[in-house]
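*Asks:* how would this look folded up:
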Amino acid sequence: MIGLVMAGGKGTRMDLSEEKLLLEYKKPVIFHVIDVLENSGCFSKVIVATSPNSPKTKQVLEQKGIKTLDTLGKGYTNDLNSILQNIDEFTFVVSGDLPFLDEKIIRIMIEKFNPENVWTSFLVSKKFLNSLGLESKVLVKSGNITCAYTGISIIDAKKIKNLNPVKENYLILNDKRITFNLNTKQDYELLQRF
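*Replies:* A predicted model of the protein is given here:
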């Protein structure tokens, strides 16, 4: 399984001059995510997808010897699909802005997913999200539960070759380690309180 960190977003909701993934929480948040993936022992390699939207992030990563993969920066879905066309194994896709992600929760997610599914997205319930003082504008129903995406999916990339729609399976995992990501200044301010 490959670990793929998505790090090519514009971060426009942050309304900051600095690139979002270089914001500090003990260390730049992108390095936290990369280190956790590498230290989990679950991945044959870890790749970071950057774009023209994140030039400083790409530069800092390359200075540290971290392998990056260029995307066009045409949106998360387009960038991810272009990457998946060139991968032939299961891929653990994670947003680069999850400061509480750890090795244990990665192992739990890998144990819980069904390898028969082409695409598994991990969700948290809206109720759990709100209990942490967080909100999401993008919600989805899983059964009768209103949920939010975590930015983490496990994808069988060898079955995503023609860009035809595939069934997205959901797993709800109410855990702070995958719930808290940095989308707004308020999220970053809340992070500083932890």
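
*Asks:* from residue 169, how far off is residue 116?
*Replies:* Remark: distance between residue 116 and residue 169 (CB to CB, to the nearest Å) = 9 Å. Any C-beta I mention is one placed from the backbone N, CA and C, and that applies to glycine too.

*Asks:* list the contacts for the closest residue to residue 101 other than its chain neighbours?
*Replies:* Excluding the flanking residues, the one nearest residue 101 by CB to CB, 6 or more residues apart in numbering is residue 36, at 5.1 Å. Residues near residue 36 by CB atoms under 8 Å, 6 or more residues apart in numbering: 101, 102, 103, 106.

*Asks:* which of the residues you listed ranks first by neighbour count?
*Replies:* residue 101 (27 neighbours; other CB atoms under 10 Å).

*Asks:* hang on, the earlier thing: secondary structure element for the residue nearest to residue 101?
*Replies:* helix 29-40 (DSSP states H and E).

*Asks:* list the buried residues for that helix?
*Replies:* 29, 30, 31, 32, 33, 34, 36, 37, 40 (16 or more other CB atoms under 10 Å).

*Asks:* tell me if I'm right that the last one and residue 106 touch.
*Replies:* Put plainly, it is residue 40. Yes. Taking contact to mean CB atoms under 8 Å, the distance of 4.6 Å between residue 40 and residue 106 places them in contact.

*Asks:* show the pLDDT at residue 95.
*Replies:* As predicted, residue 95 sits at a pLDDT of 92.

*Asks:* so what pairs up with it in the strands?
*Replies:* The residues listed as beta-bridge partners of residue 95 by DSSP bridges are residue 6.
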